[in-house]
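Chemist: Please work out how this folds:
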Amino acid sequence: MSRGYVIRRRRDVTPVRCPCGSAARVLTGEDNDLLSVHFVEISERAQAHYHERLTEVYVCLEGEGEVELDGVREPVSPGTVVLIRPGTRHRAIGKLKIINIVLPPFDPNDEIMAQ
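Modeler: Below is the predicted model of the structure:
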């Protein structure tokens, strides 16, 4: 019988490259069917992309910059929360550290680079 909870620490997860910079995927679809949680370090060269079925929530922890959402730039700083619905072309601009909550869990096949 599996436990009714998962505990994973950021320090125990090796980051992977992503369009935004690097992501430590601390909670994934292998853990549950509801959501993923990633600690993301945004590089200054984040690539615009979108998802056909995934919803993302960015929670800004450190740094100041912008998010570009369908071509509109909005400022972000610690404490800012951004809800990004499916189909929204997006990228972060600046050096930021965020928590990215993805619903349903992140699927790399649903990460489409914007033209």
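
Chemist: Let me see the contact set for the most centrally placed residue in the chain.
Modeler: Closest residue to the average C-alpha location of the chain: Asn100 at 3.4 Å, with Cα atoms, centre = their mean. Asn100 makes contact with 23, 36-40, 56-59, according to Cβ atoms under 8 Å, 6 or more residues apart in numbering. Quick note: C-beta positions are derived from backbone N, CA and C, even for glycine.

Chemist: mind listing the helices for this protein?
Modeler: Here the chain has no helices by DSSP state H.

Chemist: low pLDDT regions in it?
Modeler: 1 (pLDDT under 70).

Chemist: the strands in it, which residues?
Modeler: In the chain, the strands defined using DSSP state E lie at 16-18, 21-27, 36-42, 49-50, 55-62, 65-69, 72-76, 81-84, 90-93, 96-103, 112-113.

Chemist: could those strands be laid out in TSV, adding distance to Gly4?
Modeler: As requested, the strands of the chain are exported to TSV (distance: least, Cβ to Cβ, whole Å):
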stretch	distance to Gly4
strand 16-18	28
strand 21-27	15
strand 36-42	17
strand 49-50	34
strand 55-62	24
strand 65-69	35
strand 72-76	34
strand 81-84	27
strand 90-93	34
strand 96-103	20
strand 112-113	35
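
Chemist: quick one: which of the ones you listed is nearest Val6?
Modeler: Closest to Val6 of the strands of the chain, according to Cβ to Cβ: strand 21-27, at 6.5 Å.

Chemist: Which parts of that closest one count as buried, going by neighbours?
Modeler: Across strand 21-27, burial judged by 16 or more other Cβ atoms under 10 Å covers 21, 23-27.

Chemist: closest to Pro75 among those?
Modeler: Nearest to Pro75 among these: Gly21, at 18.7 Å, using Cβ to Cβ.

Chemist: Verify the stated contact: that closest one with Phe39.
Modeler: No - contact criterion Cβ atoms under 8 Å: Gly21 and Phe39 do not qualify, at 10.9 Å.
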